[in-house]
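A.B. asks: okay, sequence plus prediction incoming.
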Amino acid sequence: DAGITQSPRYKITETGRQVTLMCHQTWSHSYMFWYRQDLGHGLRLIYYSAAADITDKGEVPDGYVVSRSKTENFPLTLESATRSQTSVYFCASGGTGGNSPLHFGNGTRLTVT
Amino acid sequence: AQSVAQPEDQVNVAEGNPLTVKCTYSVSGNPYLFWYVQYPNRGLQFLLKYITGDNLVKGSYGFEAEFNKSQTSFHLKKPSALVSDSALYFCAVRDMDSSYKLIFGSGTRLLVRP
């Protein structure tokens, strides 16, 4: 089925561990995005990618790393997880052009203990 | 810099009554505006968009939005609310300067009581 899938849906990890959140889309969209959602902060952009091998920082990139070797995948890695990174993470994709809506995955709820 | 504001944290309405969720925007140039809905434990779902043309935009699930350039507003509306419309609603503007990212408002929780 076409769509955007995130894995895992839930993750509990310990402070200092490395964690990778996966995102896969089947539309061949050029643009992909990672947002985090926190109470009181709404949705904040972490990183985005305009195409394979092109990534750039968003509003809150510290502590995160991304890569995009293939158009359909956009993994997000927390190099050394901290409690402040406890959040719900959403991946999104969209085509080029301002009138193209973004499509969101169902999110990964990450808890850092 | 482009931004959107949702002045209400929560909107309460009785089932069957009309609902309005407010959004104002600030952009340079023509705005590309969107509404999304989020149900519990789900991602954001696209409802509707304004790009150009008619000021009244129709979208999914009976929702519509009214674009008002002079008031820089893009309010979400529905003539008759359903209990199942209870959710979190986000207004967003597309960043046309770079990246095409969406810039979101803070969200408005809609509660429709039976």
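C.D. replies: Arrived safely. Computed from a prediction, not measured in an experiment: that's the story for all the values here. Residues are numbered from 1 along each chain as shown, chains lettered A, B, ... in the order given.

A.B. asks: and chain A, which residues reach chain B?
C.D. replies: Residues of chain A lying close to chain B by Cβ under 8 Å from any Cβ of the partner chain are A:31, A:33, A:42-43, A:45, A:48, A:50, A:56, A:58, A:90, A:92, A:94, A:96-107. Every C-beta, even on glycine, is put in place using the N, C-alpha and C of the backbone.

A.B. asks: tell me which residue is most central in chain A.
C.D. replies: residue A:34 (3.0 Å; Cα atoms, centre = their mean).

A.B. asks: for residue 57, give me its contacts.
C.D. replies: Chain wasn't specified; assuming chain A. residue A:47 (Cβ atoms under 8 Å, 6 or more residues apart in numbering or on different chains).

A.B. asks: you looked at the wrong chain, it should be chain B
C.D. replies: Contacts of residue B:57 (Cβ under 8 Å, 6+ apart): B:48, B:49, B:50, B:64, B:65, B:66, B:67.

A.B. asks: which of the residues of chain A next to chain B count as buried?
C.D. replies: A:31, A:33, A:42-43, A:45, A:48, A:50, A:58, A:90, A:92, A:94, A:98, A:100-107 (16 or more other Cβ atoms under 10 Å in any protein chain shown).

A.B. asks: can the least confident helix or strand in chain B by mean pLDDT be said to contact chain A?
C.D. replies: Averaged element by element with mean pLDDT, DSSP states H and E, chain B has its least confident helix or strand at strand B:102-104 (a mean of 90). Yes: legend: contact between strand B:102-104 and chain A by Cβ under 8 Å from any Cβ is shown at B:102, B:104.

A.B. asks: and the closest residue to residue B:102 other than its chain neighbours, what element?
C.D. replies: For residue B:102, ignoring the flanking residues on the chain, the nearest one in space by Cβ to Cβ, 6 or more residues apart in numbering or on different chains is residue B:92 at 4.3 Å. Per DSSP states H and E, residue B:92 falls inside strand B:87-94.

A.B. asks: neighbours around residue A:18, how many?
C.D. replies: 11 (other Cβ atoms under 10 Å in any protein chain shown).

A.B. asks: low-confidence bits of the chain, can you list those?
C.D. replies: Assuming you mean chain A. A:1-2 (pLDDT under 70).

A.B. asks: not what I meant, chain B
C.D. replies: Using pLDDT under 70, chain B drops low at B:98-99.

A.B. asks: where do the helices of it begin and end?
C.D. replies: Applying DSSP state H to chain B gives no helices.

A.B. asks: on that earlier part again, could you dump the contacts of residue B:57 into a markdown table and include distance to chain A and neighbour count?
C.D. replies: Output for those, formatted as a markdown table (distance: Cβ to the nearest Cβ, whole Å; neighbours: other Cβ atoms under 10 Å in any protein chain shown):
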| residue | distance to chain A | neighbour count |
| --- | --- | --- |
| B:48 | 9 | 19 |
| B:49 | 6 | 20 |
| B:50 | 9 | 23 |
| B:64 | 16 | 16 |
| B:65 | 13 | 26 |
| B:66 | 18 | 16 |
| B:67 | 14 | 20 |
